[in-house]
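Chemist: fold the stuff below for me.
(chains A and B)
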Amino acid sequence: MQVMTELFARIFGDGLSPVGLLVAGGLTMALVMSLVMALCAIVFTWAERKVAGFIQSRYGPMRVGRWHGVLQPVADMVKILGKEDIIPRDADKRLFQLAPFVIFVGSLMAWAAIPFAPGFIAADLDLGLFYIFAVSSAASIGILMAGWASNNKWSLYGAVRGVAQGVSYEIPLALACIPVVMITGSLNMNDIVIAQQGGIWRWHFLHDPFLFVSFLLYFVASIAEVNRGPFDLPETESELVAGYHTEYTGMRFAFFFLAEYANLFLVSCIATAVFLGGWQPVFGPVFLPGLVFVTKAVLLVLLQMWLRWTLPRLRVDQLMHVCWKVMVPLALVCVLGAGIWMLATGQAG
Amino acid sequence: MGGDLVFYGFALLTVLSGFFVVASRNIVHAAFSLLFTLFGVAGLYAQLGADFLAVTQTIVYIGGILVLVVFAVMMTRIPRADAPRRGLDRAVPAAILALLAFALIYMVIVGTRWPQRATGAPEATVAEIGTSLMTRFVFPFEYASLVLLAALVGAAILIRERAPQDDPADADDPAGNGEVRS
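Modeler: The predicted model follows:
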């Protein structure tokens, strides 16, 4: 945001009032973030199909765009734009139309607090991390809305599963980040990244054993939070057709898709900023911070894809068991352990 | 000037969607439009400089309570054609109750001596809130967590199908995994 407001101040000089400057900067940043989300979906759908192909000993898309089907997502996008927008006759029309946008906006709002590089953050909030968890929890409502409005038992089951999973795994997800907040003494995403300055040994996931476990917990919970395999119970094509977006077509379906891949990248970005040093390089001085940040996040995304295409799906009861009886207690132990570690090593101030 | 515009935007959102919650004939629509009401209130908090309160409002009310409300409403499986009954016998008591509630709230608002402070630039509140929760308000804070824990344990006991020791069938099922051998 600072980058943008400075840019506008330079372009317009004194022609814009501070409020106008703020609005212009905010709108531009929102536009940039929407483009980042769209780019995520384009790049990651191709990557996902290639990874899936590689793991299943086949090629994946090969034809469109000469080299390994790189233009496949573009072709898919054109196809999806041209599709008819079908709304089932007995669906609740208004809610059916609204739901994809509620999910999309929930995801877009969370992007505001991701620090891609020093100064390149849409909203440098003191509550950054807390804010991200809060607004991404709003997506549950969009899922319920889609599932209920479709007026279809598969959609409704998918939505109920999706929301139950979302509100459950939110808890270990947030608890796993608490040790980092304790060490940093701040919820501000910039502060959290700056606290990890000075090479890989200063990154939070190597801070102490409890934080390493926290990082693993965060990673597992984040896969469940974005409803991807092996936690893709809301979609289970063998049971529920496609879950809560079964009835959606064309652009509205594209919004679900966009939000899914954007969320995938979002949770990886949070992991990068909170545990993996953000824009700080493995060693040496800060160099091309944005590229470093995105590289780390993309590597995490690829890891998630690898897991999705390798592991079999969990059962519903196993899913809840893992969350409530394994991950939540373990996360609480980590919070306690990290506190004791801070006291023992004299870091508590 | 710009701040006023933001305030009126959020206020309008809150009031209009709130009205829709009350006026909608479809109970699921009413529940979903609470989303916009709660979001508008969060926006008002943020504009008052209470950033922590705004985010807490979002995570507790939108991410938690609203999800529960919608779940509960959906479980009632309302048939769409069967809209709730309307008539004077319902409208009059409802109006009286609403007026009484309004009068009570109004009296509380007018009667309270609100602490006043010179308005300045909004500052970070989270560190201050955290410190006072752990020092001045540590007893109420711990007490609230105890109450919540009791509620959690109570809910877990309630949803349990039956206590294992009361069940003679368990004799055939020592592992307790539901497979009864007989």
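
Chemist: now A:D85, nearest residue through space, not along the chain?
Modeler: Of all residues not flanking A:D85 in the chain, A:G250 sits nearest, at 4.6 Å (Cβ to Cβ, 6 or more residues apart in numbering or on different chains). The way it works is simple: take the backbone N, C-alpha and C, and place the C-beta from them, glycine included.

Chemist: one more: A:K93?
Modeler: A:I87 (5.9 Å).

Chemist: ok so, going back, and the pLDDT for the residue nearest to A:D85?
Modeler: Looking at A:G250, its pLDDT is 76.

Chemist: B:F71: neighbour count?
Modeler: 17 (other Cβ atoms under 10 Å in any protein chain shown).

Chemist: now it: how far from A:V160?
Modeler: Note on B:F71: its distance to A:V160, by Cβ to Cβ, to the nearest Å, is 8 Å.

Chemist: next one: A:Q196
Modeler: Distance from A:Q196 to A:V160, by Cβ to Cβ: 39 Å.

Chemist: between the two, point out the one with more neighbours.
Modeler: A:Q196 (26 against 20).

Chemist: contact partners for the closest residue to chain A within chain B?
Modeler: At 2.8 Å from chain A, B:G63 is the closest residue in chain B, using Cβ to the nearest Cβ. When contacts are counted by Cβ atoms under 8 Å, 6 or more residues apart in numbering or on different chains, B:G63 touches A:A134, A:S137, A:A138, A:S140, A:V167, A:E170.

Chemist: the same query, at a cut-off of 7 Å, please.
Modeler: When contacts are counted by Cβ atoms under 7 Å, 6 or more residues apart in numbering or on different chains, B:G63 is found next to A:A134, A:S137, A:A138, A:S140.

Chemist: so what's the residue count around the residue nearest to A:D85?
Modeler: Neighbours around A:G250, by other Cβ under 10 Å: 15.

Chemist: wait, it sits on A:E84?
Modeler: Yes: using Cβ atoms under 7 Å, A:G250 makes contact with A:E84 at a distance of 6.2 Å.

Chemist: tell me how far the helix or strand hosting A:K79 lies from the chain's centre.
Modeler: Using DSSP states H and E, A:K79 sits within helix A:72-81. Relative to the centre of its chain, helix A:72-81 is centred 23 Å away, using Cα atoms, centre = their mean, to the nearest Å.

Chemist: before we move on, what about stretch B:130-138?
Modeler: That offset, for stretch B:130-138, works out to 24 Å (Cα atoms, centre = their mean).

Chemist: what's in contact with it?
Modeler: Against stretch B:130-138 from outside (Cβ under 7 Å, 6+ apart): B:F141.

Chemist: what about the helices in the chain?
Modeler: Let's take chain A. A:2-12, A:18-55, A:72-81, A:93-111, A:128-137, A:139-149, A:153-184, A:189-194, A:209-225, A:237-240, A:250-274, A:289-310, A:316-321, A:328-344 (DSSP state H).

Chemist: wrong one, I was asking about chain B
Modeler: Counting by DSSP H, the helices of chain B are B:2-23, B:27-47, B:51-57, B:66-75, B:88-111, B:126-134, B:138-159.

Chemist: closest one to A:I192 among the ones you listed?
Modeler: helix B:126-134 (13.7 Å; Cβ to Cβ).

Chemist: okay, the angle between that closest one and helix B:138-159?
Modeler: Inter-element angle recorded for helix B:126-134 and helix B:138-159: 80 degrees (by axes from the mean of the first three to the mean of the last three Cα atoms, to 10 degrees).

Chemist: next, the angle helix A:128-137 makes with helix B:126-134.
Modeler: Helix B:126-134 and helix A:128-137 meet at an angle of 90 degrees, taking the same axes, to 10 degrees as the criterion.
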